[in-house]
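K.L.:
Quick one, structure for this:
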Amino acid sequence: MKLVSMAFGGLISATSAFTPPKNAATQSTTALSMGLKSTIIKTAQTHPVITAVAGGTIAATAATKLYLDRPSRSYSPTSVAREYDAWTADGILEYYWGEHIHLGYYTDEELEAGYKKKDFIQAKYDFIDEMMKFGGIDIEADKGAKVLDVGCGFGGTSRYLADKLGPRAEVTGITLSPNQVKRGTELAEERGLKNTKFMVMNALEMDFPDNSFDIVWACESGEHMPDKEAYINEMMRVLKPGGKFVMATWCQRDDRLVPFDKKDKRDLRFLYEEWTHPYFISIEAYKELIDATKLMGPVKTADWCKPTIASWRHSIWVGIYDPRGFIFKPHRYVKCVRDAYCLERMHRAFKRGLMEYGMFAARKAEN
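P.N.:
All right, here's what the predicted structure looks like:
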């Protein structure tokens with residue numbers, strides 16, 4: 001009851017403190033304020049149960065927001081593998097996102113019709129198809145290609161590429177998560193895909209020789225890399241001369257053009273520390289890192305915020321419409337709430353331009 005009293009006391013005090021300028025234009029506002037104060041006091045006196053419920057709701061809402069705004073999964077050298085092991089083991093992410101742990105793609109027409117009308121999983125397959133086009137990857141021309149999927153999750157894209165590019169293709173997916181390797185291998189075996197394999201490997205220190213792959217593919221893995229320069233350098237190193245590179249990654253806007261204010265920095269810190277990201281960089285900064293290798297031809301870039309942003313809220317809605325993915329796992333309720341809250345925070349950051357969806361494509365120069 002102390003919290004209830006404090007909540008209503010604060011509301012009454014705030015109403016009392018409202019003193020607009022004394023002129024005709026604000027008389028009605030002042031009267032409304034006094035009426036609100038009178039209603040609150042009268043309700044508290046005559047309806048103590050309503051007062052307690054309302055006050056408790058205010059206090060609970062404030063406490064919940066304070067809790068959710070405090071990040072819980074800060075980056076550490078072992079945090080990425082640990083978190084993805086946990087996500088894979090509990091099965092909730094796979095239940096809702098399917099085999100693809102990346103955003104979906106929505107056309108202008110689909111957005112106009114309403115993003116919730118599109119199948120959430122199909123949006124992810126459409127994203128892969130669009131990313132292939134962006135990277136100049138052609139099903140006929142690249143049949144039999146040797147492909148590296150950097151940060152493969154549990155291998156949805158790796159298997160999709162292996163199937164698209166045919167049985168002569170070889171697709172290797174790398175991740176820090178042993179559970180993802182295990183699950184990815186199981187799904188490949190279920191589908192009879194013998195031309196894909198998964199390995200636990202650090203993308204910053206790959207074991208592959210120079211010039212090993214025809215295609216290097218990286219989708220939403222750069223966010224977790226603690227050294228963006230090493231990440232780019234390693235991918236360029238293992239790509240064959242003439243090979244194709246395509247990358248999708250979340251980026252923050254270039255603060256050299258528009259410096260971050262206090263709210264920007266606070267919001268970025270939350271996004272870093274809630275989903276175990278060390279830091280983000282801008283689209284421009286990634287392009288500079290690629291150019292600095294002096295190994296690549298012209299780099300094509302784009303911001304795909306518009307065709308992907310619907311994914312954040314769509315992923316929340318699929319959980320609301322179908323709670324079976326988590327309802328029988330009460331020990332995961334808090335985690336699910338935190339993830340949904342972070343999804344909404346991500347949506348807002350992208351919508352206001354604090355975050356951008358970076359796309360990159362280039363070919364390695366011939367010797």
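K.L.:
Tell me if I'm right that Tyr115 and Tyr105 touch.
P.N.:
No: checked against CB atoms under 8 Å, the pair Tyr115 and Tyr105 is beyond contact range at 10.8 Å. (Glycine included, C-beta is placed from N, CA and C.)
K.L.:
Which parts of the stretch 151-300 of the chain are strands?
P.N.:
All strands of the stretch 151-300 of the chain, identified by DSSP state E, counting those that start in this stretch, fall at 170-175, 196-200, 213-219, 239-252, 300-303.
K.L.:
could I get those as TSV with mean pLDDT?
P.N.:
Rendered in TSV, the data for the strands of the stretch 151-300 of the chain read as follows (pLDDT from 0 to 100):
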stretch	mean pLDDT
strand 170-175	98
strand 196-200	98
strand 213-219	98
strand 239-252	98
strand 300-303	98
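K.L.:
lowest-pLDDT helix or strand in the chain?
P.N.:
Ranked by mean pLDDT, DSSP states H and E, the weakest helix or strand in the chain is helix 2-17, scoring a mean of 35.
K.L.:
Now do the buried residues in stretch 219-238.
P.N.:
Counting neighbours by 16 or more other CB atoms under 10 Å, one finds that the buried residues in stretch 219-238 are 219-225, 228, 231-238.
K.L.:
what's stretch 165-183 in contact with?
P.N.:
Around stretch 165-183, the neighbours that count as contacts under CB atoms under 8 Å, 6 or more residues apart in numbering are 80-81, 84-85, 88-89, 94, 139, 142-155, 157-159, 161-162, 184, 194-203, 206, 213.
K.L.:
mind checking the end-to-end distance for that stretch?
P.N.:
Terminal residues of stretch 165-183 are spaced 22 Å apart (CA to CA, to the nearest Å).
K.L.:
ok so, going back, using JSON lines, lay out the strands of the stretch 151-300 of the chain together with distance to Gly56.
P.N.:
JSON lines is the format used below for the strands of the stretch 151-300 of the chain (distance: least, CB to CB, whole Å):
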{"stretch": "strand 170-175", "distance to Gly56": "45"}
{"stretch": "strand 196-200", "distance to Gly56": "48"}
{"stretch": "strand 213-219", "distance to Gly56": "45"}
{"stretch": "strand 239-252", "distance to Gly56": "38"}
{"stretch": "strand 300-303", "distance to Gly56": "44"}
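K.L.:
nearest to Thr64, of those?
P.N.:
Go through these one by one with CB to CB and the one that ends up closest to Thr64 is strand 239-252, at 26.2 Å.
K.L.:
What pairs with that closest one, parallel or antiparallel?
P.N.:
strand 213-219 (parallel), strand 355-363 (antiparallel) (DSSP bridges).
K.L.:
Take the ones you listed and lay them out in TSV including distance to Lys329.
P.N.:
As requested, the strands paired with strand 239-252 are exported to TSV (distance: least, CB to CB, whole Å):
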stretch	distance to Lys329
strand 213-219	27
strand 355-363	30
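K.L.:
quick one: which of those is nearest Lys262?
P.N.:
Going through the strands paired with strand 239-252 one by one, with CB to CB as the measure, strand 355-363 comes closest at 17.0 Å.
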